[in-house]
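*Asks:* need a structure here:
(one chain, ligands or ions: 1)
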Amino acid sequence: MSDSYTLPEFALEATGLRKTYRGSKLSEPKEALKGVDLKVPRGSIFGLLGPNGAGKSTFINIFAGLVKKTGGTAKTWGIDIDQDSRGARAAIGVVPQEINMDVFFTPYEALELMAGFYGVPKAERKTDELLEAVGLSDKRNAYVRQLSGGMKRRLLVAKAMVHTPPVLVLDEPTAGVDIELRRQLWEYVRELHARGTTIVLTTHYLEEAQELCDQIAIIDHGQVIACEPKETLLKRMDSKTLVIEPAEALTTVPAELAEYDAEIRDDGALAITYRYGQQSVAEMIEKFRAAGGRIEDLRTEEADLEDVFLALTYNRQDA
Ligand SMILES: Nc1ncnc2c1ncn2[C@@H]1O[C@H](COP(=O)(O)OP(=O)(O)OP(=O)(O)O)[C@@H](O)[C@H]1O
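*Replies:* Numbering: from 1, shown residues only. Here you go, the predicted structure:
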């Protein structure tokens with residue numbers, strides 16, 4: 001790397017990315033990505049969320065060089081995959097969804113083979129360091145077929161890191177992995193991130209995205225329907241709404257309640273959206289009463305990530 005080398009602003013950058021899988025006698029062509037614009041900031045832990053079949057793996061696999069895009073541009077670490085496919089591939093490591101490994105190798109051999117595949121010179125290989133990092137040093141010379149599912153998955157992470165890529169993509173890393181292993185894997189992902197690796201993970205576990213990611217994009221039917229910092233998304237999630245149905249319908253929010261995020265609904269009810277645990281409902285009611293309001297009925301409405309997710313992906317079957 002020369003001194004003039006400047007780090008790219010985005011680890012991954014897709015512009016108008018399209019993929020249509022060709023149909024066959026038995027199936028129609030499938031438009032899996034419908035012009036996706038998505039930027040993954042360098043240094044983030046980026047969650048790509050979406051229901052089954054949304055297009056997450058297709059997106060990832062285009063960057064991994066496993067799926068040929070139909071249109072648009074894709075850059076990895078600032079390198080256009082069309083202009084320099086080798087360079088772009090060298091900047092990314094992908095941990096696939098499926099565990100399909102050659103079971104007749106040992107973890108050590110599997111990593112050495114992978115490093116060879118990427119053309120990493122022997123002197124620069126970090127095979128033992130990687131085995132240590134994923135907690136497989138004691139299985140260094142065991143056959144892969146003797147490893148548990150969780151160990152195999154950790155070996156996959158190590159395999160994706162043999163060429164020390166600045167971007168690591170994990171496709172559904174913890175599907176079918178028990179809680180304990182999931183924690184271990186998360187810890188390792190955090191460690192890699194702390195050492196400077198940009199992490200992209202696809203998941204349909206909302207909890208996983210919530211726990212790990214600082215940026216979240218939601219993809220559905222081949223389109224990005226939300227892309228924001230987690231905090232912004234969470235704001236939508238832990239907000240609750242207090243709905244006061246007044247004895248007499250309101251037309252404006254009483255001045256006493258001006259400090260709140262309040263609105264009058266069509267039916268004349270007052271809806272106050274607030275952050276759960278940070279603002280007191282009792283106080284809101286008190287202020288409403290102080291403003292001369294009389295309460296007919298009261299209820300709260302709440303949203304969680306599941307709701308936000310459903311609200312965003314609902315009714316998009318034909319999208
Ligand atoms: N090789 C292929 N040929 C034809 N259609 C495909 C192919 N691969 C994926 N698809 C279709 O493209 C759409 C997007 O699939 P993709 O695997 O990218 O979704 P996903 O979001 O990763 O889903 P999952 O979470 O289930 O893996 C789906 O409708 C899928 O059936």
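
*Asks:* use CA for all of it now, contacts and neighbours both
*Replies:* Will do.

*Asks:* contacts only, for the most centrally placed residue in the chain.
*Replies:* The structure's the chain has its C-alpha centroid closest to residue 47; by CA atoms, centre = their mean the separation is 1.1 Å. Counting by CA atoms under 8 Å, 6 or more residues apart in numbering, residue 47 touches 200-203, 209, 213-217.

*Asks:* quick one: mean pLDDT over the helix or strand where it lies.
*Replies:* Assigned by DSSP states H and E, residue 47 belongs to strand 45-49. Taken as a whole, strand 45-49 has an average pLDDT of 93.

*Asks:* again, but for stretch 161-169
*Replies:* For stretch 161-169, mean pLDDT is 94.

*Asks:* what does that stretch contact?
*Replies:* Outside stretch 161-169, the residues within contact range by CA under 8 Å, 6+ apart are 11, 60, 77, 90-95, 111, 114-115, 118, 120, 125-127, 130, 160, 196-201.

*Asks:* partners of residue 168 in the sheet?
*Replies:* Beta-bridge pairing for residue 168 (DSSP bridges): residue 93, residue 199.

*Asks:* helices of the stretch 1-150 of the chain, start to end?
*Replies:* 56-64, 85-90, 107-117, 127-133, 149-160 (DSSP state H, counting those that start in this stretch).

*Asks:* mind listing what's buried in the last one?
*Replies:* Applying a neighbour-count criterion of 16 or more other CA atoms under 10 Å, one finds 150-160 buried in helix 149-160.

*Asks:* kindly report the same for the fourth one.
*Replies:* Within helix 127-133, the residues that count as buried by 16+ other CA under 10 Å are 127, 130-131.

*Asks:* how about the residues of this structure near the ligand?
*Replies:* Counting by CA under 6 Å from any ligand atom, the chain comes close to the ligand at 21, 30, 32, 50, 52-58.

*Asks:* buried ones only from the residues you listed, please, as a ChimeraX command.
*Replies:* Applied in ChimeraX, the following selects the buried portion of those according to 16+ other CA under 10 Å:
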select :21,32,50,54,55,56,57,58
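
*Asks:* adding pLDDT and distance to residue 175, write the buried residues of helix 127-133 out as a markdown table.
*Replies:* Below are those laid out as a markdown table (pLDDT from 0 to 100; distance: CA to CA, whole Å):
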| residue | pLDDT | distance to residue 175 |
| --- | --- | --- |
| 127 | 96 | 26 |
| 130 | 91 | 22 |
| 131 | 93 | 22 |
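
*Asks:* could I get these as TSV with distance to residue 143?
*Replies:* Below are these laid out as TSV (distance: CA to CA, whole Å):
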residue	distance to residue 143
127	16
130	17
131	14
